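J.: no sequence for this one, just the structure:
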């Protein structure tokens, strides 16, 4: 059935292409959204970029006809810009004047054409509740249509015959078809997916492996007895993560997990190993988006490096742990500064990454859940020949007010790159920081 979708401003600020995402239905943009977008057009942030892009797209559509009467969209739908003289009931009109005006447009569309369903699309939870209160159906904007609980984990555990595990140990690999015969319908194999194989009769007879669907095989992951820069995998998930981080054929790795699961530490340890020991990369570039937790302290004095120090301190903490520095070591002058001075490590804000080409580097982006899909696209498209990119983060700890656990850049990449031979993903669930940190992550 044909529907009229009324878009809120925050939908257009989040996705400048939102007006093209409703198939052959009618998309209505309230004129009040244009007024709100005008307030963002000079911003140098992602919001400002989207506001300017929406304005340009609407201006281009004017060439096809009247925006008030409606113009055809490439997907077969129609777009209109609407305003109304209708007001909400008096008890709703005392606050949120701009939100009320946008909501009034939806109510007016519903009154003028009761035969056509009206759907108000907004990412504002409270506004959705208010829309339902005045009799307008309201939904969240979720173009990808998946929940965080459905996010691809990157690995699974299954039971197979003892002979299958023995064959994997002896040959080092298995034919994918042999493994598929023993899987259930729910267990679907993906490229570079990790599996814990457990014997039917012996619960302690296990093997770790990775799918290489392009080569129609499953390869065995040997034990890492020596560790990586003194770090050893404490559980199967960390073992999977280290395999992906150390494999130069895998060019994009995403690590998702709660606090204390070792995402950042493993990424930095693997980066140091591949950069300094193996010399597979020219240097390691580490960055993270700048979003404060709680109230911001305001502007920080000093150079770019000095301004970045508070934000990059978690990276420095992990580096010092890997360098095994004691207080005596610090007093002797040994610290992560040595690696920076030698050019092995570079710390850079994401603010200045646009326009760069980054060849032959090991790029780690920490706290990637605070990035938008467009920002993540900008980062990944900076990768030059030989560069490996690591994205780490926790979708449940988001400080960016304009993304959530589903529409942030990290989960966006996990969902989109699932079937690529160049990428691997691992979800880490077991905390290894400390017993207290693990308890807090589970209970609070």
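T.: That came in fine, so what should we check first? Just so we're clear, the structure is a prediction, and the values are computed from it rather than from any experiment.

J.: from here on, contacts and neighbour counts on C-alpha atoms
T.: Noted.

J.: and residue 316, what does it touch?
T.: Listed by CA atoms under 8 Å, 6 or more residues apart in numbering, the contact set of residue 316 reads residue 336.

J.: and it, how close does it get to residue 264?
T.: Distance of residue 316 to residue 264, computed by CA to CA, to the nearest Å: 11 Å.

J.: same question, residue 219
T.: Counting by CA to CA, the gap from residue 219 to residue 264 is 26 Å.

J.: over to residue 102?
T.: When CA to CA is the yardstick, residue 102 and residue 264 sit 43 Å from each other.

J.: equivalent analysis for residue 209, please.
T.: In terms of CA to CA, residue 209 sits 23 Å off from residue 264.

J.: next: residue 48.
T.: Residue 48 sits at a distance of 31 Å from residue 264 (criterion: CA to CA).

J.: looking at these two, which one has more neighbours?
T.: For the pair residue 48 and residue 264, the greater number of neighbours falls to residue 264 (23 against 18), based on other CA atoms under 10 Å.

J.: wait, the more buried one sits on residue 366?
T.: Yes: under the criterion of CA atoms under 8 Å, residue 264 lies in contact with residue 366, with a separation of 6.8 Å.

J.: shared neighbours, those two?
T.: Taking CA under 8 Å, 6+ apart as the contact definition, residue 264 and residue 366 share the neighbouring residues residue 392.

J.: phi first, then psi, for residue 416.
T.: Backbone geometry at residue 416, expressed as degrees, to the nearest 10, gives phi -80, psi -30.

J.: contact partners for it?
T.: Contacts for residue 416 (CA under 8 Å, 6+ apart) come out as none.

J.: cool, and residue 255?
T.: For residue 255, the set of contacting residues under the criterion of CA under 8 Å, 6+ apart consists of 241, 263, 390, 391, 392, 393, 425, 426, 427, 428.

J.: got the end-to-end distance for stretch 397-408?
T.: Counting by CA to CA, the terminal residues of stretch 397-408 are separated by 11 Å.

J.: check which residues of it are buried.
T.: Applying a neighbour-count criterion of 16 or more other CA atoms under 10 Å, the buried positions in stretch 397-408 are 397, 398, 399, 400, 402, 403, 404, 405, 406, 407, 408.

J.: any idea how far the fourth one is from residue 42?
T.: Translated: residue 400. Noted for residue 400: a distance of 20 Å to residue 42, by CA to CA.

J.: do the same with the last one
T.: Distance, residue 408 to residue 42, by CA to CA: 23 Å.

J.: and if you look at residue 234?
T.: According to CA to CA, residue 234 stands 49 Å off from residue 42.

J.: same check on residue 170?
T.: Residue 170 sits 63 Å away from residue 42, going by CA to CA.

J.: next one: residue 83
T.: Distance of residue 83 to residue 42, computed by CA to CA: 24 Å.

J.: neighbour-wise, which of those two wins?
T.: When residue 83 is set against residue 42 and neighbours are counted by other CA under 10 Å, the residue ahead is residue 83, at 20 against 13.

J.: so where is the stretch 251-400 of the chain shaky, pLDDT-wise?
T.: The stretch 251-400 of the chain contains residues with pLDDT under 70 at 291-311, 325-335, 351-352.

J.: can you show me the strands along it?
T.: In the stretch 251-400 of the chain, the strands defined using DSSP state E, counting those that start in this stretch lie at 252-257, 283-287, 345-347, 361-365, 388-393.

J.: save these as JSON lines, and put in distance to residue 336 too.
T.: Written out in JSON lines, the entries for these read as follows (distance: least, CA to CA, whole Å):
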{"stretch": "strand 252-257", "distance to residue 336": "24"}
{"stretch": "strand 283-287", "distance to residue 336": "13"}
{"stretch": "strand 345-347", "distance to residue 336": "9"}
{"stretch": "strand 361-365", "distance to residue 336": "16"}
{"stretch": "strand 388-393", "distance to residue 336": "20"}
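
J.: residues contacting residue 15?
T.: For residue 15, the set of contacting residues under the criterion of CA under 8 Å, 6+ apart consists of residue 50.

J.: make it 10 Å
T.: With contact taken as CA atoms under 10 Å, 6 or more residues apart in numbering, residue 15 is in contact with 21, 46, 47, 50, 51, 53, 54, 141, 143, 372, 373, 374.

J.: from those residues, which land in helices?
T.: The subset of these located in helices under the criterion DSSP state H comprises 46, 47, 50, 51, 53, 54, 373, 374.
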